[in-house]
Structures are given as C-alpha cells and as structure tokens.
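1. whatever this is, show me its structure:
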Amino acid sequence: MTTTYREALRDALREALAADERVFLIGEDVGAYGGAFGVSLGLVEEFGPLRVRNTPLSESAFVGAGIGAALAGLRPIVEVMTVNFSLLALDQILNNAATLRHMSGGQLSVPLVIRMTTGAGRQLAAQHSHSLEGWYAHIPGIRVLAPATLPDARGMLTPALADPDPVVIFEHGSLYNVSGELEAGAGPVDISSAAVLCEGEDVTLLAYGGSVPKALDAAELLASDGVTAEVVDLRSLRPLDDATIMASVARTHRAVVVDEGWRTGSLAAEVCTRITEQAFWDLDAPVARVCGAEVPIPYAAHLEQAALPQPESITAAAREVVGRRG
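-> Prediction:
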C-alpha cells in the first residue's frame, strides 16, 4: 500500500495505543491539533484525552511526567516538538531517565519512549533545525534510533516500547511527506542493527535519518561514473552496529560517513574512529566525512542547503577516496 512516513508513524502510534492500555501519548498540541507535524492527527478522537494528552509548554515538566509514569508501570510516549527544545529537558533525560537503573542497582526501570523531530531543510531557522543525535548517542543508559525508511517509521515503536530502558527516536523533518510502498500489516523491525540498503564494491556510504536518501542519491550519481557504492543506514545510533559497519568496510575498503550534525565532536567522528580501530587494515584510503557546516542553521533557503550535506558533496567525497586506490 502507498503511505507516507508521517502516516506510518501514526499507524504505529495507533497500534500501540490499541494494543496496551498502559500506553499513552503526551506532549505539546498532540491532541486535537495532531502534533506540530501532524503525526498524531485523529488519535485523540479515537482514544480520548486521557490517552492522548496535551501539555503546557514545558519540556522539563512533561518529560519528567513521562519518566514518573514509566516508573509507575505505564508505557508513555513523549513527543518533543524539535530536538532543539529537548535541551530544556536534558536534565530529566540525562540525570534521571538514563541513570535510574544504574543508581537503583537495577531495581528501577524507565520504559519511556521519547519522539522528537530533528534536522534541517525546511527553512525553520536555527532554533528548530539542528541535528543533535550525536549528543544523545553520547549518553549511556538510553537507546537512540533514527528511522529513515517507511518500514522503520512503522516498525520501530513496538520494540522501543518493549525495551525496559529509555528509547529516544529521532524523526527527520524532511521525511514526513516522503511517500512509498509499505507492505500491508508491516510489523516490528529489529532496532539493534544497521541495514545495507544497496550493495556495492568500491566505497561504503554510511548515513542515518534524513541523510539516507541523500546517500542513496549519491550512489546513483556514482554509478554513472562506474563506481558502485554500498549504502548503510545506521538506524541505531546507540548502540552502533559495529559488525555491519565493519563487514561493509571489509568488502569495499573505503568509507564515507555522512552526518548532518556539526563535524567537531560529531557522531561521524565516532563512526570514523571505530572504523580506524577495528578495520584499519581493511582500508585502502582514509575515512572521509561529509558533515553540516559549523554554523547555526541559516533561514535563507540557499544558505540552509549550502550548510547541509548534499548528494553532490557526498559524491565528491566518495570520488576522492575511490581515487586513492591501494
């Protein structure tokens, strides 16, 4: 069936709410308005205002409420409008949700799912557009997911809710309107592994979230030059699936890591380091990175696009490493 990324997310929420009365959705405007990006549209009419709960504009308060509900045995899904605003709840996420199992000696679990929109490309300027997944991937005690495909948008929520520890799901804003075919009855997916989306022999392109479609476009551009690129969707950012990453690098002997986040201290830096540590002798060229420009995301459309990884910049980096043949 044909669906959109947004509709796949909504179907996952609907299924979770219907399957378990402990599940509820909480966040700003998630009720009648349907959420800032329309993901929860219609759910309050189906499940009522106790299961789909609007909150005041206080990320610290409603994320904290979600943590408390999870500790009490419920299965809350907390929606944070954008990743930038999640910093107002970072104390709750880092100092409470992520640490309580450890600090209680394993006596407490926080089965909490936090959904948030991330990324640029929609002219929402610097306070609504940054890619901070790497910050969250730095935190022990949470699982970090980045669905880039329709099956993952539909299938990551169920296993996330089953996890006894907090799970943060990043939904890239540029993907909400993406449409495609999704098998009827598509169910849960594995949330612990990366996925090889297309196979190649000359270079591995590693990406996540909104950069995955750009990496696939870059693979098509490279194919016109006779270069076959293997595209790996990281999917799980914490923990990273080292085995899939290293197996791909062992096949292609070259790697380009694509990360919309800033280059300094980035998730891309972590992936590059792991490749160097674990697959150094498989490499025929230095690992390359294509990252966002180190500026606040501009509002002007042409500047915003210039600040982000694009298929052309990914292709240029791949051509550079393929040109360094061992």
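2. next, the distance between the ends of stretch 77-95.
-> Distance across stretch 77-95, first residue to last, is 19 Å (CA to CA, to the nearest Å).
3. pull out the buried positions in that stretch.
-> Buried residues in stretch 77-95, defined by neighbour count with 16 or more other CB atoms under 10 Å: 77-86, 89-90, 92-94. To be clear about C-beta, it is placed using only N, CA and C from the backbone, and glycine gets the same treatment.
4. quick one, strands of the stretch 51-200 of the chain?
-> Secondary structure of the stretch 51-200 of the chain (DSSP state E, counting those that start in this stretch): strands located at 52-54, 75-82, 113-118, 143-145, 167-172, 179-181, 195-198.
5. hmm, who's touching stretch 300-318?
-> The contact list for stretch 300-318 (CB atoms under 8 Å, 6 or more residues apart in numbering) reads 120-121, 123, 129, 203, 205, 211, 214-215, 217-218, 221-222, 227, 229, 254, 256, 258-260, 288-293, 295, 297-298.
6. can you select the buried ones from the residues you listed in ChimeraX?
-> Here is the ChimeraX command that selects the buried residues among those (16+ other CB under 10 Å):
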select :120,121,129,203,205,211,214,215,217,218,221,222,227,229,254,256,258,259,260,288,289,290,291,292,297,298
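7. among the contacts of stretch 300-318, which ones are in strands?
-> Counting by DSSP state E, the part of the contacts of stretch 300-318 found in strands is Val203, Leu205, Ala229, Val256, Val258, Asp259, Glu260, Ala288, Arg289, Val290, Cys291, Gly292.
8. now the third one, nearest residue through space, not along the chain?
-> Of all residues not flanking Ala229 in the chain, Ala219 sits nearest, at 4.0 Å (CB to CB, 6 or more residues apart in numbering).
9. contact partners for that neighbour?
-> Residues counted as contacts of Ala219 (CB under 8 Å, 6+ apart) are Cys198, Gly200, Leu205, Thr228, Ala229, Val231.
10. run the last query once more with 6 Å
-> By CB atoms under 6 Å, 6 or more residues apart in numbering, Ala219 lies in contact with Cys198, Ala229, Val231.
11. in the strand or helix carrying Ala318, what's buried?
-> Element membership for Ala318 (DSSP states H and E) is helix 311-323. Neighbour-count burial for helix 311-323, with 16+ other CB under 10 Å as criterion, is recorded at Pro311, Ser313, Ile314, Thr315, Ala317, Ala318, Arg319, Val321, Val322.
12. can you redo these as TSV with pLDDT and distance to Gly66?
-> Putting these into TSV (pLDDT from 0 to 100; distance: CB to CB, whole Å) gives the following:
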residue	pLDDT	distance to Gly66
Pro311	98	38
Ser313	98	38
Ile314	98	37
Thr315	98	42
Ala317	98	40
Ala318	98	41
Arg319	97	46
Val321	96	43
Val322	95	46
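13. burial of Ser236, as a residue count?
-> Neighbours of Ser236 under the rule other CB atoms under 10 Å: 22.
14. having no further points to raise, I will conclude here.
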